[in-house]
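In: based on what follows, work out the 3D shape:
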Amino acid sequence: MKNKDLKIEWNELKVIWTNSPKTKNIHIQMSDLFQDIKSKSSQFEKDSIKNDLDTLKVSWKSIKGNVSEFEKASVKKDLAMFIRLFNKVLTIFNKK
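Out: This is a model prediction of the structure:
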């Protein structure tokens, strides 16, 4: 799947997701879930996660250029499969 095709697929997903009648409910549930996780995380856990993310951001610059074509193709294939599955799920939501 080429970059242009991938952008088209993502845009289609965004349109479907935005127009789904369940979207607002899902956003509220996800917001509640995030708040619940934040409230149950200790400061140590929060600091640890922040530290891990900072390390990943710094490391990504050196890793980014070393991704093989096989890995890129594999991710694109998996993403395409995910998009098809996601479209099916959203279709089910739209029917209800």
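
In: residue ranges with poor pLDDT in this protein?
Out: Within the chain, the ranges that satisfy pLDDT under 70 run 1-2, 94-96.

In: can we see that at 80?
Out: Residue ranges of the chain with pLDDT under 80: 1-10, 13-14, 16-30, 60-67, 90-96.

In: longest helix in it, by residue count?
Out: helix 69-95 (DSSP state H).

In: please name every helix or strand in contact with that one.
Out: With contacts defined as 3 or more Cβ pairs under 8 Å, 6 or more residues apart in numbering; DSSP states H and E, helix 69-95 has these neighbours: helix 3-19. C-beta: built from backbone N, CA, C; applies to glycine.

In: how about the helix it packs on: buried residues?
Out: 9, 16 (16 or more other Cβ atoms under 10 Å).

In: from the contact counts, what lies against it?
Out: Using 3+ Cβ pairs under 8 Å, 6+ apart, helix 3-19 is in contact with helix 69-95.

In: may I see the buried residues of the helix it packs on?
Out: 83, 90, 93.

In: the longest helix of the chain vs helix 3-19, what angle?
Out: Going by axes from the mean of the first three to the mean of the last three Cα atoms, to 10 degrees, helix 69-95 is angled at 30 degrees with respect to helix 3-19.

In: mind checking the SS state of residue 67?
Out: On the three-state scheme (DSSP: H, G, I helix; E, B strand; the rest coil), residue 67 is labelled coil.

In: pull the number of nearby residues for it.
Out: Around residue 67 there are 10 other residues, counting by other Cβ atoms under 10 Å.

In: list phi and psi for it.
Out: phi -80, psi 130 (degrees, to the nearest 10).

In: repeat for residue 41
Out: According to degrees, to the nearest 10, residue 41 has phi -90, psi 140.

In: mind listing what it touches?
Out: Residue 41 makes contact with residue 49 under the criterion Cβ atoms under 8 Å, 6 or more residues apart in numbering.

In: gap between residue 55 and residue 66?
Out: Residue 55 sits 17 Å away from residue 66 when distances are taken as Cβ to Cβ, to the nearest Å.

In: I misspoke; the intended subject was residue 75.
Out: Going from residue 75 to residue 66 by Cβ to Cβ gives 14 Å.
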